[in-house]
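S.K.: give me coordinates for this.
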Amino acid sequence: MTEQERKAPLDMKDITVDVGAVSKEEAVEKFGIRIGEPVVPDVTFTYSETTDLMVGKSFDCRLGCAAILKTMHTLAGQDLNVDIVGACAAQEEVGVRGATVTAQVIKPDIAIVFEGCPADDTCVEQYMVQTAIKRGPMLRHIDSRMITNPRYQRYALDLAEKLGIPVQDAVRSAGSTNGAVIHLTEKAVPVIVIGVPVRYAHTHYGISAYADFDNAVKLACEILKRLDEEQIMSF
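M.R.: Numbering: from 1, shown residues only. Purely as a prediction, here's the structure:
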């Protein structure tokens, strides 16, 4: 897309969905499509053991939801010093509305935000790559709406290095996550964002490595197993 096309608002008249009908009557009678019918991409999730790649739609933020569930299942029954609450919030892309509600309901003392973050390893020079697939989850220092708590961020990065969990850290001038509203909740909340790199995020066919997803969960679990009131207060 040109810069002008990228900035132009999306107009319904510019969208065409061709199903092969030759008339309105055929579209209604044979295809069963009436005016106002919803349209969604028909994409089937796939995983290849050979390449360790997952392909599917809405990885931002289905991968985040899956990471929450796997973290909760992994830690189920373990003796922890913190109470863990998992929340999947809708409408992040239109003003983090869901997270605004869940943060006020849960009122967390500390938070980990899982994210399907855009991979940049196919669109910038190699020396500029910050978020590549198969190099581990990404921890973001800053974006357009949040400066990550530096002590919490460093704790997570140091722990990953100590345990041999591959991670990437990045700075972004654009974009944001649910952490934007969570970190401003009540008395302010230490928040880190653990992102699973996704090539072609926000398209019908995102590409992600399962190893990155798995390491995102591993890091979150290791952090949560070590948290207690004293550690949280140190951030």
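
S.K.: for the closest residue to Tyr200 other than its chain neighbours, give me its contacts.
M.R.: Leaving aside its sequence neighbours, Tyr200 sits nearest to Gly206 (C-beta to C-beta, 6 or more residues apart in numbering; 5.5 Å). Glycine gets a C-beta too; all of them are placed from N, C-alpha and C. Going by C-beta atoms under 8 Å, 6 or more residues apart in numbering, Gly206 touches Val55, Gly56, Lys57, Ser58, Phe59, Asp60, Gly116, Val198, Arg199, Tyr200.

S.K.: now flag whichever of those is closest to Thr122.
M.R.: Nearest to Thr122 among the contacts of Gly206: Arg199, at 6.1 Å, using C-beta to C-beta.

S.K.: for the protein, what helix or strand is lowest in average pLDDT?
M.R.: Every helix and strand in the chain was compared by mean pLDDT, DSSP states H and E; the lowest is helix 3-7, with a mean of 84.

S.K.: can I get that helix as PDB, trimmed to CA atoms?
M.R.: What follows is helix 3-7, C-alpha atoms only, in PDB (Å, rounded to 0.1, in the frame of the first residue of the first chain):
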ATOM      1  CA  GLU A   3       1.300   6.000   2.300                       C
ATOM      2  CA  GLN A   4      -1.800   7.700   1.000                       C
ATOM      3  CA  GLU A   5      -3.700   4.400   0.800                       C
ATOM      4  CA  ARG A   6      -2.600   3.400   4.300                       C
ATOM      5  CA  LYS A   7      -3.900   6.600   5.800                       C
END
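
S.K.: after that helix, which helix or strand is next?
M.R.: Next along the chain after helix 3-7, taking DSSP states H and E as the criterion, comes helix 24-29.

S.K.: got the buried residues for that next one?
M.R.: By neighbour count on 16 or more other C-beta atoms under 10 Å, the buried set for helix 24-29 is Ala27.

S.K.: so how far is it off the chain centroid?
M.R.: Centre-to-centre, helix 24-29 and its host chain are 40 Å apart (C-alpha atoms, centre = their mean, to the nearest Å).

S.K.: the helix or strand just after that helix - contacts with which helices or strands?
M.R.: Sequence-wise, the next helix or strand downstream of helix 24-29 (DSSP H and E) is strand 46-48. Other elements packing on strand 46-48 under the criterion 3 or more C-beta pairs under 8 Å, 6 or more residues apart in numbering; DSSP states H and E are strand 53-56.

S.K.: okay, buried residues for the next helix or strand after the strand it packs on please.
M.R.: For strand 53-56, the following helix or strand on the C-terminal side (DSSP H and E) is helix 59-75. Using 16+ other C-beta under 10 Å as the test for burial, helix 59-75 gives Phe59, Asp60, Cys61, Arg62, Leu63, Gly64, Cys65, Ala66, Ala67, Ile68, Lys70, Thr71.

S.K.: other SSEs contacting helix 59-75?
M.R.: Contacts defined by 3+ C-beta pairs under 8 Å, 6+ apart place helix 59-75 against strand 111-118, strand 191-198, strand 206-209, helix 210-226.
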